[in-house]
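Chemist: Return atomic coordinates for the entry below.
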Amino acid sequence: MTTRRRNTAPPREDVLAAAMDMIAERGLEKLTMAALGRVVGMSSGHLLYYFHSKDELLLRTLEWSEGRLGAERARLLTRTDPARARLDAYVDLYVPDGHRDPHWTLWMEVWNSSKNADDDARARQAAIEGAWHRDLVALLAEGVSQGEFRAVDPDRFAARLRALLDGFSIHVAIGLRGTDRDRILAHVREFLDDSLAPRAD
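Modeler: Model (predicted):
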């Protein structure tokens, strides 16, 4: 990454992108206001003026990253593929790329700090979760209505599936032995086969 000159403040999106790059390259523990300021050419005080705290910086970075993932999720869910193929693509997008995946590293830190978060921060986290949930419910409802999936309650099934994905994803992101990404995806697809395949008459 190149260091900016200090005479102009970078656009806020550039700061968030730089924060995400730092998490990917160095890990969350190396992301400090001072280190980020050196990368983007701003003082730590200037960054605090914009973001107020490191927790707010992390939440805004997560929202920025989720915006990009949301666009990718919308693209794959509006394809003309069968519902099951799009569901597999949703799962593939959800599960971390591997140990120390930067997006999931960030998510886990935001979750960890949420026990002390204010109502606004909690509402923003819920909005991120809600977008994933609504898209999954709509996809499941479509598959059920077309007879491709078993007649499940889309909202209840989505809540349970996302809990399963969260648990597996944390294992992948922290590098728990025996829980690599490919193995987790195989577990989830087996679960979906068992749970959603229409029953024979």
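
Chemist: for this protein, which spans come out with low pLDDT?
Modeler: In the predicted model of the chain, residues 1-9, 201 satisfy pLDDT under 70.

Chemist: Tell me which helix or strand comes right after the lengthiest helix in it.
Modeler: The helix that spans the most residues within the chain, counting by DSSP state H, is helix 119-145. With elements assigned by DSSP states H and E, the helix or strand that comes after helix 119-145 is helix 154-174.

Chemist: what's in contact with that next one?
Modeler: In this structure, residues lying in contact with helix 154-174 by C-beta atoms under 8 Å, 6 or more residues apart in numbering are 91, 94-96, 98-101, 104-105, 108, 132-133, 136-138, 140-141, 144, 179-181, 184, 187-188, 191-192, 195. Just so you know, the C-beta spots here come from the backbone N, C-alpha and C atoms, and that holds for glycine as well.

Chemist: Can I get the buried part of the residues you listed as one ChimeraX selection?
Modeler: Only the buried entries of the contacts of helix 154-174 go into this ChimeraX selection, using 16 or more other C-beta atoms under 10 Å:
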select :91,94,95,96,99,100,101,104,105,108,132,133,136,137,140,141,144,179,181,184,188,191,192
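
Chemist: for the helix or strand encompassing Leu185, packing partners?
Modeler: Assignment of secondary structure by DSSP H and E places Leu185 within helix 181-196. Here helix 181-196 is seen to pack against helix 83-94, helix 154-174 when contacts are counted using 3 or more C-beta pairs under 8 Å, 6 or more residues apart in numbering; DSSP states H and E.

Chemist: In PDB, list the C-alpha atoms belonging to that helix.
Modeler: The C-alpha coordinates for helix 181-196 follow below in PDB (Å, rounded to 0.1, in the frame of the first residue of the first chain):
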ATOM      1  CA  ARG A 181     -13.700 -24.500   3.900                       C
ATOM      2  CA  ASP A 182     -14.200 -27.400   1.500                       C
ATOM      3  CA  ARG A 183     -15.200 -29.800   4.300                       C
ATOM      4  CA  ILE A 184     -17.600 -27.200   5.700                       C
ATOM      5  CA  LEU A 185     -19.200 -26.600   2.300                       C
ATOM      6  CA  ALA A 186     -19.700 -30.400   1.900                       C
ATOM      7  CA  HIS A 187     -21.400 -30.600   5.300                       C
ATOM      8  CA  VAL A 188     -23.800 -27.800   4.500                       C
ATOM      9  CA  ARG A 189     -24.700 -29.200   1.100                       C
ATOM     10  CA  GLU A 190     -25.400 -32.600   2.600                       C
ATOM     11  CA  PHE A 191     -27.600 -30.900   5.200                       C
ATOM     12  CA  LEU A 192     -29.500 -29.000   2.400                       C
ATOM     13  CA  ASP A 193     -29.900 -32.200   0.400                       C
ATOM     14  CA  ASP A 194     -31.400 -34.000   3.500                       C
ATOM     15  CA  SER A 195     -33.600 -31.000   4.500                       C
ATOM     16  CA  LEU A 196     -34.900 -29.500   1.300                       C
END
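
Chemist: Much appreciated, bye for now.
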